[in-house]
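>>> Could you look at this predicted model? Sequence included:
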Amino acid sequence: MSAPRLLFLTHTGMLGGAERSLLDLAEAWPDERRLLTLAEGPLTEAARARGIPVTVEPSGKLATVKRESGAPGLGALADVARLSASVAREAKGFDAIHANSQKAFVVAAAAGLLARRPVVWHLRDILTTAHFSATNIRAAVLLANARAAMVIANSEATAAAFRAAGGDADRVRVVHNGIDPARFDAVTDADAAARRAELGAGDACVLAVCARLAPWKGQHVALAALAVLPDAHAWIIGKALFGEDAYARGLVDHAVSIGVFDRVRFVGEREDVPALLRAADLVLHTAVEAEPFGRVVVEGMLARRPVIATDAGGVREILRHGETGWLVPPGDPAALADTVRQVRAMDAAAREAVVARARAEAAARFTVRAMVDGVARALGEVVSGHPRPR
């Protein structure tokens, strides 16, 4: 089955985990494709650098509608109409529209009607009131049931939340995110040593936390655990992306107040994540809410480092406790610190066996190729008009 010609649509120009997965998907897409974004930014720059054709249509008042918002204002609705007409014109040259976010799906739903093209919503969020207003969830699910030819969920956890919110189960297909193992295999011991030297790690045990700086991502949990691990250091990799600057500033103040600032490096956003994770001793995933997927968990596995992650959401589909990594309760710094001690105290051969199993499993299950093939199968059903029965 050949892949359809695809118009990828996203609302942001920023580069979070969902957008990085979109870039990987669009770059490897085996047929004609174009990325249409509703904002200029690092995402569009990265797409052009990868040779992905890009169109930018500024979102206007629609940008003021947030996840926690209620009903949109008239200005935002007017911009939805304007954007839908523009996307529809672009979509006529493609077989289907792929919406990468909730906001993008709202625009795509109307554009698909105008262009007479099917719309697929790639759902990368767990639809709960921890992240979205009840109004947003109801509106998104009703619109998906009415207008999405298919909903591609990035994990079983994401799919389950969609169904629990009233989403049509027959429309859902699960395709896990994929990451290119080659980027991690290319990292040498010298690369890792250079990062440790750059960040002044010396012989300390380094705990790497790699995620955008946001309250639900739980970097504060890692700092609290560090406070009872006096011989460890932490690298906080990432930056605030979607209005979480106050939390990012608060992390620095928190590190000072609990006496760990001298053992923390706020590294910022980096493109050498494979080398940074390889240079660390352990990789921590510290989300206090259920993660839709858990990109950094796979990255840590591919970097051949022990991974300790929050036991919730899509992470449970990636790690098997004690076999390919370790799971801890969300928001529990004491449990996190205890598990760090446990992993460090393990027999080296036993720990390396876990790491080796993890790397092999990540390279087999969570690749860009597997992601592209899964999305292509789903899109093939949509374009052929014959979705497979569940």
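On my side now, so go ahead.
>>> who's in contact with stretch 230-245?
Stretch 230-245 is contacted by residues 12, 14-16, 66, 199, 201, 204-215, 217, 219, 222-223, 226, 247-248, 251, 260, 263-270, 273, 276, 280, 340 when judged by CB atoms under 8 Å, 6 or more residues apart in numbering. For every residue, glycine as well, the C-beta is placed using N, CA and C.
>>> And the strands in the stretch 101-250 of the chain, which stretches?
Secondary structure of the stretch 101-250 of the chain (DSSP state E, counting those that start in this stretch): strands at 119-123, 150-153, 172-174, 205-210, 232-237.
>>> quick one: which of those strands is nearest residue 346?
strand 205-210 (13.2 Å; CB to CB).
>>> So what's the gap between the closest one and the chain middle?
Mean C-alpha position of strand 205-210 versus that of the full chain (CA atoms, centre = their mean, to the nearest Å) differs by 19 Å.
>>> now stretch 328-341
That offset, for stretch 328-341, works out to 23 Å (CA atoms, centre = their mean).
>>> got the contact list for that stretch?
Residues contacting stretch 328-341 (CB under 8 Å, 6+ apart): 207, 218, 221-222, 224-229, 232, 282, 284, 286-290, 308-312, 326.
>>> among the residues you listed, which ones are buried?
207, 218, 221-222, 224-226, 228-229, 232, 282, 284, 286-290, 308-312, 326 (16 or more other CB atoms under 10 Å).
>>> Quick check: which ranges of this structure have low pLDDT?
For the chain, applying pLDDT under 70 flags the ranges 1, 63-74, 386-390.
>>> ok now do the residue positioned nearest the centre of it, which residues does it touch?
Centroid check for the chain by CA atoms, centre = their mean gives residue 17 as the closest residue, at 3.1 Å. Residues near residue 17 by CB under 8 Å, 6+ apart: 124, 177, 211-212, 293, 295-296.
>>> Turn these into JSON lines, columns for distance to residue 347 and neighbour count.
As requested, those are exported to JSON lines (distance: CB to CB, whole Å; neighbours: other CB atoms under 10 Å):
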{"residue": "124", "distance to residue 347": "38", "neighbour count": "23"}
{"residue": "177", "distance to residue 347": "33", "neighbour count": "28"}
{"residue": "211", "distance to residue 347": "30", "neighbour count": "23"}
{"residue": "212", "distance to residue 347": "35", "neighbour count": "20"}
{"residue": "293", "distance to residue 347": "31", "neighbour count": "26"}
{"residue": "295", "distance to residue 347": "30", "neighbour count": "25"}
{"residue": "296", "distance to residue 347": "26", "neighbour count": "29"}
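>>> How is the chain partitioned into domains?
6-178+367-384, 181-365 (automatic domain parsing).
>>> end to end, how far does the first one reach?
With CA to CA, to the nearest Å applied, domain 6-178+367-384 spans 14 Å between its terminal residues.
>>> do the same with the shortest one
The straight-line separation of the ends of domain 181-365 (CA to CA) is 11 Å.
>>> swap in stretch 288-300?
Stretch 288-300: ends 19 Å apart by CA to CA.
>>> how distant is it from the center of its chain?
Using CA atoms, centre = their mean, the offset of stretch 288-300 from its chain centre is 7 Å.
>>> Same question for stretch 27-35.
Distance, centroid of stretch 27-35 to centroid of chain: 20 Å (CA atoms, centre = their mean).
>>> same question, stretch 76-96
Distance, centroid of stretch 76-96 to centroid of chain: 25 Å (CA atoms, centre = their mean).
>>> Checking residue 34 next. Helix, strand or coil?
Under DSSP: H, G, I helix; E, B strand; the rest coil, residue 34 falls in the strand class.
>>> Alright, that wraps it up for me.
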